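A.B. asks: Below: sequence and its predicted model.
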Amino acid sequence: MNKEISERYFSWKGRTSLNDYHKYYTMPFTILYVALLLIDDHFGLTLTELKIGITSSIFWAITLIPAVILTIKRCHDRNRNGWFSLLFLVPIIFFWPIVELCFLKGKNENNRYNTMNT
C-alpha cells in the first residue's frame, strides 16, 4: 500500500486541513455513496422492508474506520482531542462539531498534535 495513503487513512497521528478533509473525504465519499445508492435502487439491491442498499452498506462498512480517522485528524487540526468527534452522537449538540470540523479552518501554527500535514 502506498505510504501516503496508509498515513492519510490509517494513521491516527497528525492533522488534516479543512481543504484536504473535503478533498480526500467528504467529496469522494459522498459522491461514491450516492452513486452506490442509485445502483442499489436501479438493480433492486435494497432490502424492501428497511430500504437499505447492499452495495452502499458494504461501502459504508469498509470506509467507516478511515472516516473516523480523518475526522479525528480534523479535530487535531482544530487543536482538539479526537474525543471531540463523539459530539456528533449527541442530539442537538451535534451541530457544533459539524460547524467546527466542516467549515472552520484549522490553526496555522504548530499545536500539541504536531506540525501541519498536507
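C.D. replies: That came in fine, so what should we check first?
A.B. asks: List the buried residues for the lengthiest helix in the chain?
C.D. replies: The residue-count maximum for a helix in the chain (DSSP state H) belongs to helix 54-77. By 16 or more other Cβ atoms under 10 Å, the buried positions in helix 54-77 come out as 55-57, 59, 63, 66, 69-77. C-beta: built from backbone N, CA, C; applies to glycine.
A.B. asks: what bits of the protein have low per-residue confidence?
C.D. replies: Along the chain, the model assigns pLDDT under 70 to residues 1, 3, 115-118.
A.B. asks: could you pull out the helices for the chain?
C.D. replies: Going by DSSP H, the chain shows helices at 3-10, 18-21, 27-43, 54-77, 95-102.
A.B. asks: which strands and helices sit next to the last one?
C.D. replies: For helix 95-102, the packing partners by 3 or more Cβ pairs under 8 Å, 6 or more residues apart in numbering; DSSP states H and E come out as helix 18-21, helix 54-77.
A.B. asks: List the buried residues for the shortest one?
C.D. replies: Looking back up the chat, that one is helix 18-21. Within helix 18-21, judged by 16+ other Cβ under 10 Å, the buried ones are 18, 20, 21.
A.B. asks: wait, what's in contact with the last one?
C.D. replies: Shown in contact with residue 21 (Cβ atoms under 8 Å, 6 or more residues apart in numbering): 70, 73, 74, 77, 101, 102.
A.B. asks: do the first one as well
C.D. replies: By Cβ under 8 Å, 6+ apart, the residues touching residue 18 are 74, 77, 102, 103, 104, 105, 106.
A.B. asks: Let me know the closest of those to residue 40.
C.D. replies: Nearest to residue 40, judged by Cβ to Cβ, of these is residue 102 at 26.1 Å.
A.B. asks: Any chance of TSV for the helices and strands packed on helix 95-102, columns distance to residue 9?
C.D. replies: Below are the helices and strands packed on helix 95-102 laid out as TSV (distance: least, Cβ to Cβ, whole Å):
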stretch	distance to residue 9
helix 18-21	12
helix 54-77	4
